[in-house]
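In: sharing a sequence plus its predicted fold:
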Amino acid sequence: MATEPKICLSVVSHGQAGLVKILLTSLVESGASRHISVVLTVNVPEDVRSLASGLPFPSQVVYNKKPKGFAANQNQAFSLCRSPFFCVMNPDIILQQDPFPHLLSLLTDKTLGAVAPLLVDSMGREQDNARLFPTPWRIVLRLFSREKVPAGWQRDLFFPEWIAGMFMLFPVHVYRHVGGFDEKYFMYCEDADICLRMRRSGYRVALSRKIMAIHDARRSSHRALRHMYWHLSSLARFFITHPFYRL
C-alpha cells in the first residue's frame, strides 16, 4: 500500500485556473510536491480538468454546486485529509523553494498549532501575514498607519498573535481539536479566529523568516463593496465572539 503523503494541501479556486496552474507548477519545480497530496476545490464553475491530470502527486478535485466561504471550503477539504498535516494555501502563492521540511521541523515543537513562511510580493517586499489580533483601537491605528509592529517580529523565528490564511500549516490533531475554521465567517477573520481559539487551547503560532514564498496579491477586496461588507461583518462577528479579548 502506498504511503500517504505527509501533507494534505488545500487550494480553492474562484475562477483562478491560471493562478492554480502557476502554483501547481511551482510545487513541482520547487520539490515541494514530494510531500503532498492536493485537494483542489472549484468554488465557481470553470474547467480545471487539464490542471488535475498528469500531476506527480495524488490529487482530488471537488466541484461545489454553489460557492462556499473560505472556512466551509477548507473544512470540506479537511474532511478528505488522510495525512498528519493539513496546509491551507491561496492559489496566488508561488514557491521558489520547498518550504515544507523546515516548517515540519518547527512543528516538532508540540506547543505550536500552526506555522507559516514569510510571504513576499513579486518585488520581494514583505506581506503582512503575521499580525496582531484586530481590536477597534488597532483598526483605527492601522487606518492611519500608526500600528506598531513588535520588535521581536524581526527575528528569524517569531510568534505573532495570528498568521494569515494565505499559507498556514497545521498538525491535523490541532485543527481537529479546535474544530477547524468557523463557518459562520464567509470571508475574512477566519484565520484570526482560529489562531485565537488555538491560543486559548494552549497553542502558539509561528512565522519563520528562514523560508519564503511569493504571494501574488490581488487587492480587489479593497475596492469591491461586497468584499467590504464581508470584511466589516466578519470583524463584527470576531468582536462579538471574542468580546473580552483586549477590546
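Out: Noted; the coordinates are in hand.
In: ok, now which ones touch residue 41?
Out: Neighbouring residues of residue 41 by Cβ atoms under 8 Å, 6 or more residues apart in numbering: 10-13, 61-62, 64, 73, 76-77. For glycine as for every other residue, the C-beta is placed from the backbone atoms N, C-alpha and C.
In: again, only using 7 Å
Out: 12-13, 62, 64, 73, 76-77 (Cβ atoms under 7 Å, 6 or more residues apart in numbering).
In: considering those, which possesses the most neighbours?
Out: residue 12 (26 neighbours; other Cβ atoms under 10 Å).
In: that one - that's part of a helix, no?
Out: No: counting by DSSP: H, G, I helix; E, B strand; the rest coil, residue 12 falls outside a helix, being strand.
In: that one against residue 73, yeah?
Out: Yes: using Cβ atoms under 7 Å, residue 12 is in contact with residue 73, at 4.6 Å.
In: overlap in contacts of these two?
Out: Shared contacts of residue 12 and residue 73, defined by Cβ under 7 Å, 6+ apart, are found at 41, 43.
In: what's the farthest-apart pair in the contacts of residue 41?
Out: The span of the contacts of residue 41, defined through Cβ to Cβ, is set by 13 and 76 at 13.5 Å.
In: against residue 193, how distant is the residue lying closest to residue 106 once chain neighbours are set aside?
Out: Sequence neighbours aside, residue 115 is the residue nearest to residue 106 in space, at 4.9 Å (criterion: Cβ to Cβ, 6 or more residues apart in numbering). Distance of residue 115 to residue 193, computed by Cβ to Cβ, to the nearest Å: 18 Å.
In: which of these two has more neighbours?
Out: Legend: neighbour count by other Cβ under 10 Å for residue 115 and residue 193, higher for residue 115 (28 against 23).
In: output the contacting helices and strands for the helix or strand containing the residue nearest to residue 106.
Out: Following DSSP states H and E, one finds residue 115 within strand 112-120. Secondary-structure packing of strand 112-120 (3 or more Cβ pairs under 7 Å, 6 or more residues apart in numbering; DSSP states H and E): helix 100-106, strand 167-171, helix 190-200, strand 204-215.
In: turn these into TSV, columns for mean pLDDT and distance to residue 177.
Out: Listed next are these as TSV, based on pLDDT from 0 to 100; distance: least, Cβ to Cβ, whole Å:
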stretch	mean pLDDT	distance to residue 177
helix 100-106	98	18
strand 167-171	99	9
helix 190-200	94	8
strand 204-215	97	14
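In: want to throw the ones you listed into TSV with distance to residue 120?
Out: Converted to TSV, those look like this (distance: least, Cβ to Cβ, whole Å):
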stretch	distance to residue 120
helix 100-106	16
strand 167-171	12
helix 190-200	18
strand 204-215	6
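In: no further queries at this time; thank you.
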